[in-house]
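[1] Predicted model and sequence follow; I will ask about them next.
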Amino acid sequence: MTTTSTARGSARTWWPELVSWALGAILTTATLYGLLSEHAYRLDRQVEIESIAQDVLTLAMVPALVWAGRRSRTGSLPGHLLWLGLLAYIAYTYVIYAIGVPHNQAFLLYIAAVTLSVAAFVDGIGRIDMGAVAHAFGSSSHRGTGWFLIVIGVAFTGLWLTDIVPTIDGGLPTTIGTGGLPYPVYVADLGFALPAVVMTGIALVRGHIAAPVLGAIVLIKITTLGLAIWAMAIGTLMNDSDPNWTVAGLFAGMIVVCTTVLAHGMSRIARPSSGWLRPTLWQS
């Protein structure tokens, strides 16, 4: 192997940790801007409080992202799955920030967070040899988890549609976004997140070879979303307002289910076959 090839291989090996440090710097700067600037979020006060609360959670997740990236680099399958789940959280969160927050000085940071997290996610999941990791999850059925994800995806799709469908013949949804633009959560959920949740659930029910990997990532993503909802509830409470305890309670239950399934699965996961994480996305 030539020196150039060795250097390239080393760079590929270090990619999860390097991109995690880069994202960590971006997220730290963006969240501190949101927390310290008086004019970061020119939104309704309640939405501003929720945005600040999410900044606190995201900042707290930066060390976990860097740790997971390091574990991924050293060949840990659980570490790699956690890394991918956190990347999904970052991409989802900052798509909403980029299209739902009035333009501010951190806009390019939001775009950089989306670009890097999506690129790292696609690379990280595309390099997994699903056949090599399949046996690591054992032979037990994942149908229960699959139906759980299907129910969640369908339920939230129906919930969002009850606000949108009645406005087809005129009028605006109750959760209209800034300046009359569509609510960014509807864009992210109905366009990307909820279809991914339902499709992953179907894959788990049908026993697809890639389903356990996708299921772990989705469960981590739902857990982080639940933590964000609770961060917002706590922020609302600290500002002498009453959070929506029904929503908070629903997400508390989802957090318990997701973390229980993840903890059980990770405790039983075996070492995957050698070479389960390919060195490059595109094979020569």
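    Now that the structure is in, tell me what you want to look at.

[2] How much space separates Gly249 from Trp230?
    10 Å (CB to CB, to the nearest Å). From N, CA and C alone the C-beta is placed, and that goes for glycine too.

[3] gap between the helix or strand encompassing Leu65 and the chain center?
    Element membership of Leu65 [criterion: DSSP states H and E] is helix 45-73. Relative to its chain's centre, helix 45-73 lies at 11 Å (CA atoms, centre = their mean, to the nearest Å).

[4] and the gap between Thr28 and Leu59?
    Separation of Thr28 from Leu59 (CB to CB) stands at 6 Å.

[5] repeat for Ser141
    Using CB to CB, one gets 39 Å for the distance from Ser141 to Leu59.

[6] What's the first helix or strand after the helix holding Leu65?
    helix 77-100.

[7] Now that next one - C-alpha only, PDB.
    Only the C-alpha atoms of helix 77-100 are listed here, as PDB (Å, rounded to 0.1, in the frame of the first residue of the first chain):
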ATOM      1  CA  LEU A  77     -21.500  -1.200  16.600                       C
ATOM      2  CA  PRO A  78     -23.600   0.200  19.500                       C
ATOM      3  CA  GLY A  79     -21.400   3.400  19.400                       C
ATOM      4  CA  HIS A  80     -21.900   3.600  15.700                       C
ATOM      5  CA  LEU A  81     -25.700   3.300  16.000                       C
ATOM      6  CA  LEU A  82     -25.800   5.900  18.800                       C
ATOM      7  CA  TRP A  83     -23.800   8.200  16.500                       C
ATOM      8  CA  LEU A  84     -26.200   7.800  13.700                       C
ATOM      9  CA  GLY A  85     -29.200   8.400  15.900                       C
ATOM     10  CA  LEU A  86     -27.700  11.600  17.200                       C
ATOM     11  CA  LEU A  87     -26.900  12.700  13.700                       C
ATOM     12  CA  ALA A  88     -30.600  12.100  12.800                       C
ATOM     13  CA  TYR A  89     -31.500  14.300  15.800                       C
ATOM     14  CA  ILE A  90     -29.200  17.100  14.600                       C
ATOM     15  CA  ALA A  91     -30.400  17.000  11.000                       C
ATOM     16  CA  TYR A  92     -34.100  17.100  12.000                       C
ATOM     17  CA  THR A  93     -33.600  19.900  14.600                       C
ATOM     18  CA  TYR A  94     -31.600  22.200  12.300                       C
ATOM     19  CA  VAL A  95     -33.800  21.700   9.300                       C
ATOM     20  CA  ILE A  96     -36.600  23.100  11.500                       C
ATOM     21  CA  TYR A  97     -34.300  25.900  12.700                       C
ATOM     22  CA  ALA A  98     -33.200  26.800   9.200                       C
ATOM     23  CA  ILE A  99     -36.800  27.100   7.800                       C
ATOM     24  CA  GLY A 100     -38.700  28.000  10.900                       C
END
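
[8] out of Gly249 and Trp230, which sits in the busier spot?
    Trp230 (18 against 11; other CB atoms under 10 Å).

[9] Next up, identify which helix or strand the more buried one is on.
    According to DSSP H and E, Trp230 maps onto helix 211-238.
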